[in-house]
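> Model the following, please.
(chains A, B, C and D)
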Protein chains: 2
Amino acid sequence: MALFLSTYINKVDRKGRVSVPAAFRSALADADGVASLVLFRAHGHDCLEGFGLSFMQEISARLDKFDMFSAAQDDLALSVFGDSVQLSLDGDGRMILPEALIAHAGLLDEAAFVGLGRKFQIWRPEVLAARKDTARASVHDKGLTIPQGGSHD
Amino acid sequence: MALFLSTYINKVDRKGRVSVPAAFRSALADADGVASLVLFRAHGHDCLEGFGLSFMQEISARLDKFDMFSAAQDDLALSVFGDSVQLSLDGDGRMILPEALIAHAGLLDEAAFVGLGRKFQIWRPEVLAARKDTARASVHDKGLTIPQGGSHD
DNA sequence: TTAAATTCCATGATATTCCATAGATATCCG
DNA sequence: CGGATATCTATGGAATATCATGGAATTTAA
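The predicted structure is shown next:
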């Protein structure tokens, strides 16, 4: 399974067009090679989150673990699905960022794509740099580690 | 399972190309024989760490055990995936080191590959020599030993 | 018909592939 | 056992393809 890795900084032009990094495009591609992606405003951060449609379906499955009709399920579903946008790529691998999303991330003329494994985020480059520092500090301070493998869940 | 062993010193040319030691290439190869690797800046040392893509996928799977959108998951994913780079080998078994990684490791025209079992590190040769000395001294002074095998914890 | 959005094309920069050489190691044959 | 040949590896350079990016042209909507 393809992962989103590394950080790329691309230009945003006056029409809101951005090249999706080639490495991300191939990670977004479905089995039939069609790349479609979903974006929405991240919770808790001034950035956008994105991933392929297939991952969206997994989120849906996870949400189903909540009791149906629960307030929590409703809140999550509304903020994830209600706010997300499905974007298509043009022939050159670019997408057009809606104004509302550009505003949420505070993007100017550059967008930083950062891979987080199964999803990625889009930041204003300077803000991402700061965020990386705090994330690193948090991992260090709280002693966060990656859970062991094996079949415990 | 193939392990990374021993130390090799290879040239880095002006474009940042380095031959991955042949012994490492076979350890990197997937089941289908395709060798792709992931590199990132090591935490705590002025060197790079690398391993096969499959190991990265295992990390991704482990991270999935966190709740999606949790702060801990976010911090870890950003630190682990955001700074890593997926590299491919050319037909001659070489990879191209990004500028940022060359700078982090302080590489000049040579890179020392040292095997650490499931992963390996890339150092500036002189720095690695010093590091080996302190590591040996530490093992001796603190009486470090390798834990028993079997199913502990 | 104007404005907005989508598609198409051109270009420089970057990355990838290909080829050629040389040293080392292994293999083969006398 | 010794020498010659073949194979693999590392390395440099050049040719080729891909990518990001800006602008123009064409389509669609109001």
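
> Say whether chain B is contacted by the longest helix anywhere in chain A.
Ranked by residue count and defined by DSSP state H, the top helix of chain A is helix A:125-141. Yes. Helix A:125-141 is in contact with chain B by Cβ under 8 Å from any Cβ of the partner chain, via A:131-132, A:135-136, A:138-139. Heads up, the C-betas are built off the backbone N, CA and C, glycines and all.

> try stretch A:20-33
Yes. Judged by Cβ under 8 Å from any Cβ, stretch A:20-33 comes into contact with chain B at residue A:23.

> starting at the chain centroid, how far to that stretch?
14 Å (Cα atoms, centre = their mean, to the nearest Å).

> could you give me the average pLDDT of it?
The predicted model assigns stretch A:20-33 a mean pLDDT of 86.

> Can you dump the C-alpha atoms of that stretch in CSV for me?
Listed next in CSV are the C-alpha coordinates belonging to stretch A:20-33 (Å, rounded to 0.1, in the frame of the first residue of the first chain):
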residue,chain,number,x,y,z
VAL,A,20,-0.1,17.7,-6.2
PRO,A,21,3.4,16.2,-5.7
ALA,A,22,3.9,13.3,-8.2
ALA,A,23,4.7,10.9,-5.4
PHE,A,24,1.3,11.7,-3.8
ARG,A,25,-0.5,11.3,-7.0
SER,A,26,0.6,7.8,-7.3
ALA,A,27,-0.3,7.1,-3.7
LEU,A,28,-3.8,8.5,-4.5
ALA,A,29,-4.3,6.4,-7.6
ASP,A,30,-6.8,3.7,-7.3
ALA,A,31,-6.4,0.2,-8.6
ASP,A,32,-7.6,1.4,-12.0
GLY,A,33,-5.2,4.3,-11.9
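
> is that stretch up against DNA strand D anywhere?
Yes. Against DNA strand D, stretch A:20-33 shows contacts by Cβ under 7 Å from any atom of the strand at A:20-22, A:25.

> Mind jotting down where the strands sit in chain A?
In chain A, the segments counted as strands under DSSP state E are A:7-11, A:17-19, A:36-41, A:48-52, A:85-88, A:94-96, A:110-115, A:120-123.

> which of the residues in the fifth one are buried?
Judged by neighbour count (16 or more other Cβ atoms under 10 Å in any protein chain shown), strand A:85-88 contains these buried residues: A:85, A:87.
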